[in-house]
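J.: sequence first, predicted coordinates after that:
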Amino acid sequence: LMMFLSNRSKEAVLEALASTVNRDPTAYKYQFQDDPYLAPRTSAEFKLFSLSQESGRSAAKYFINSNPKFFTKDFAEPHIPCLMPEKVSLLLEEVSEEALKERISLRKVKAAVDMYDQLLQAGTGVSMETTHDLLDLICLYSDREPVQEGGPETEDVSAEEANRSKGRIRRASDFLKTIWRENNNAERIFNLLPERDTHCYSALIRGMIRHGAYVKAFDMYTDMLNNRMTADVRIFNALISGAPEVREKYNERWDLIAELLNQMNQQKVQPNLLTFNSVLKALRRCGSLARTQALHTLSEMKALGIAPSLASFDHTLAAFYKAGKHSDITLHTDLLQEVMSELAGSSFTCQDPDDGKLWSVCLDNKDIELAYRVQSLVEAGENWRLLGDSHQQTIYYGRFFSLLCMMEHIDVVLKWYRKLIPSLYYPNVQGMRDLLQALDTDSRLDLLPTIWKDIQLLGHANKSELIEELLALMARETHSPEVQESFAVCALDVKSVFNGDRGTLSLEWSTSALCHITSLLLRAKRTQEAWEMLQLFKAKNRVPSEELMNEFLLECHAAGAPDRAVELVQLSAAFCLPATPRLAQQTLKDFDLTDEQR
Amino acid sequence: MAEQREDSAVLKTSEGGAAPQGGVTVEQEVGKPTQVKGDVAKSGKESLLGLLGAMKVEVTNKKKLKNLKAKQRYEPAVKPNPAALESTISMFQKATAESSAHSETLDPDLVAAASAAASTLPNQSQAESELLRQLRRHEAVTEAQRKGDMSNLGVIIADMKVGRRPNRQNARPANQIRFDDDGQGYTHDRSITAELDGVRRRRNLFSGKRLGIFSPTTDEDKTPPPPAKPTIWDVDFANHLVLSTNQMPRNGFEEMIQWTREGKLWQYPVNNEAGLEEEASVPFHEHVFLEKHLEEGFPSQGPVRHFMELVVSGLSKNPYVTVQQKKEHIAWFRDYFQQKTDILQEADVYLN
């Protein structure tokens, strides 16, 4: 009891303090709060910095572990075990069961297998427990060495790892599709065993399912049944998850799963949460059968008193979701509503690795109320942890934000914008475009220059379609003078980006961009700069549009500068614009030209 | 067999209250024929047939149609074996064979029974149509049964569940309208109906039919399995779980909480004696009063004794060393002086 109390009170003070602190939306993520220069401003920087932090930590650990003789002095009182060097190299060399256990605990597959063979040859028996551990080790890694975690994390990660932008150390074995080789050491040792119990079968079956040898796993299971042995719950979980791989038709798959469940019941093996989650996950591959059976499975879980986890709901919703069909969307949303009512107010711990995917799925429709419910659930307590790594978070917040932009008034959008960005989420180009759309819908185009600053900060200033859209929105209508002035400043800014003045990659000038910038400058009465823009047209081989020429002409007229007008006509002729004659006529009509100018 | 009872209960309540409550007594009849069956493999099909047979009894009013009930009760009762159920099927078959399509005509007896039952209820016509609808559905089910197609059965039963609530269908068109338009105008409507949805539909997620495979264990059955040593699979699974959640601390306090869990940080409120738990059990006098160790193995007088008293007084002031280490220290000296006895004797030190 004392131990329990002391465990609770260990963090109680800190937790109480932590509960007084809320998230600061204007601050960057806590792990980067060091040097303001090193605060990540774009998602690429975020990725880079997290990777480098993790890389540093793992490099330090690597050095400590590989040079333990330099780290023997223990200053800390009380002793801190996790800061001391870990044992990574073998100490015992003799042929004994102890040495075998050591190799197993250090996860050296080949060495362990060799030691086991030596022990067998020497005639020494190996205890059942150690054999179990050995088989578990071999089967988990499919008779290959696990990738050493000691090496420092490099930045040229594989394509799959790059998707998970958070820089956690991931074992390459998680991503490589390891195959279960024929007659590998696991099978060989297994066949040599004089007697095999459930645990041995369990190791083999689970390893086979994990590494893709599904048919073999089922054969082994039949073997087990023929030997009149009962399986345990983990074997069944593995077999259920492998069922869609060994049958082609949907109903055959479901029949197999149902049969496995029945056998489980007959063998008096109690199912657990993972059993049902495997059933639901397998049902995703059973076509239309999934709908009824998924609901039945949920009821079964309820009847047995097993609370469904988030992953259960995720799989169930997936069974009902068929994009496109109208009535199915209704069903899906009804189910979503029910799921949300079921989940409301609870706090969750992760019980299944698939738990985190539910949140994004919930937002995958057009229901803003539902989105708010999901968001409040996510913000409650520690539930935000279940959002997963930063890639998952980006998906979730991306969907949430685009839903907001689509559905809500601009003030609400901006409120959330300030809350989420950039402390939680770096929007991508599509997100910014959604925001621009929202601004346009609610006629808040005066905010465009501020958004432009944010776009630059987020590192999207080199995305041509975004800039085009921004310019088009600014140039579409005339606004009040202050707004026009701010637009003009912004336009000049954009121009410098195009020119590559900032040292960033210069973009290709497009006709529309040139036109928009020029007209913005004109409207703000920055004539000189506008004329410079015209020269740019010539330089970049782009043809100005007719409206632009008209605007210029009007402006010249207003400024009373006939020579400019003539210049304009000449320019227009140089471009071979079809409007040239009309412009010439207009000029003649509106201006008093000297004979020379004619 | 408990789940069959449960199934019948579910199907009964699902009838929307239109069926008379006289059906409650029929549960016993449900129990009897089903209990007699022994074959586990076929129990699903048979229980369903038994249920259906009993269900037909359900819809009749016990007061007015006891004879009808008696006739049907008699038949299941005298058929204790699976083979005999075939005759029940044939009874259904006869009933349906007389009718052309399964959805149109029913056994006239049943229809009469249904109308008689309905006449006792306030809303006669609706009740009667409900009852007849139920009967027709049962016929459909048995049709499917006869053809031996279980998956159809599942679909039909699922449909039965869905079709049961006429008020639900009214809600559907509204839903459809809602999603035709992506605009913002329906947000308010949605909130009201969302609440209603929550209230009305909450039970549907879990109130459906079960797989019916497992049975909930009672507490006696559930002996907790001996806590197994965490295997490498468990470690791997725990690793997966940790990787799929976001463990980064959001502020300094959370970081300190993480460090406390890892053991890198003092626990708050700070206890000076953290890490010294085993020392706490050693009483202080064993540290300080060490003369008793000098009683044996050492002379009681002379330079050796003097030396050892100094050693003991030094040790008693030493807070860094455990009692065991102090005893070992003294024991080392004891052995040392034992070994050097002859030299000491030569030097005329008084040994006692």
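T.: That came through, no problem. Numbers count the residues shown, from 1 in each chain, chains lettered A, B, ... in the order given.

J.: please work out how many residues are found near residue B:319.
T.: Neighbour count of residue B:319, defined by other C-beta atoms under 10 Å in any protein chain shown: 7. (Glycine included, C-beta is placed from N, CA and C.)

J.: and if you look at the one 5 residues further on?
T.: Here the count is done by other C-beta under 10 Å, and residue B:324 has 10 residues near it.

J.: ok, residue A:362 - contacts?
T.: Residue A:362 makes contact with A:317, A:336, A:339, A:340, A:370, A:371, A:374, according to C-beta atoms under 8 Å, 6 or more residues apart in numbering or on different chains.

J.: please repeat the previous calculation with a cut-off of 6 Å.
T.: With contact set as C-beta atoms under 6 Å, 6 or more residues apart in numbering or on different chains, residue A:362 has these partners: residue A:374.

J.: any idea how far it is from chain B?
T.: In this view, residue A:362 and chain B are 14 Å apart by C-beta to the nearest C-beta, to the nearest Å.

J.: do residue A:23 as well
T.: 6 Å.

J.: tally of neighbours for that residue?
T.: For residue A:23, using other C-beta under 10 Å, the count is 13.

J.: give me the low-pLDDT residue ranges for the stretch 251-400 of chain A?
T.: Along the stretch 251-400 of chain A, the model assigns pLDDT under 70 to residues A:322-331.

J.: just the helices in it please.
T.: Listed in chain order, the helices of the stretch 251-400 of chain A (DSSP state H, counting those that start in this stretch) span A:273-283, A:289-304, A:310-320, A:326-343, A:358-362, A:368-379, A:390-407.

J.: which of those sits closest to residue A:471?
T.: Closest approach to residue A:471 among the helices of the stretch 251-400 of chain A (C-beta to C-beta): helix A:390-407, 19.7 Å.

J.: can you give me how far the closest one is from the chain middle?
T.: 11 Å (C-alpha atoms, centre = their mean, to the nearest Å).

J.: quick one: which of the helices of the stretch 251-400 of chain A is nearest residue B:332?
T.: Across the helices of the stretch 251-400 of chain A, closest to residue B:332 is helix A:273-283 (C-beta to C-beta), at 57.9 Å.

J.: who are the packing partners of the closest one?
T.: On a contact count with 3 or more C-beta pairs under 6 Å, 6 or more residues apart in numbering or on different chains; DSSP states H and E, helix A:273-283 meets helix A:233-246, helix A:289-304, helix A:310-320.

J.: which of these sits closest to chain B?
T.: Closest to chain B of the helices and strands packed on helix A:273-283, according to C-beta to the nearest C-beta: helix A:289-304, at 4.4 Å.

J.: what's the closest non-adjacent residue to the residue of the stretch 151-300 of chain B found nearest chain A?
T.: Nearest residue of the stretch 151-300 of chain B to chain A: residue B:275, at 2.3 Å (C-beta to the nearest C-beta). Nearest residue to residue B:275, sequence neighbours excluded (C-beta to C-beta, 6 or more residues apart in numbering or on different chains): residue A:78, at 2.3 Å.

J.: can you list the weak-confidence ranges in chain A?
T.: For chain A (pLDDT under 70), the answer is A:1-8, A:148-177, A:322-331, A:501-506, A:590-598.

J.: centre-most residue in it?
T.: Central residue of chain A (C-alpha atoms, centre = their mean): residue A:391, 1.6 Å from the mean position.

J.: tell me how many other residues surround residue A:491.
T.: Based on other C-beta under 10 Å, the number of other residues close to residue A:491 is 29.

J.: quick check: it touching residue A:518?
T.: No. Look at residue A:491 against residue A:518 with C-beta atoms under 6 Å: they stay out of range, at 8.5 Å.

J.: residue A:338: neighbour count?
T.: Residue A:338: 21 neighbours (other C-beta under 10 Å).

J.: which residue does the stretch 1-150 of chain A bring closest to chain B?
T.: Nearest residue of the stretch 1-150 of chain A to chain B (C-beta to the nearest C-beta) works out as residue A:78 at 2.3 Å.
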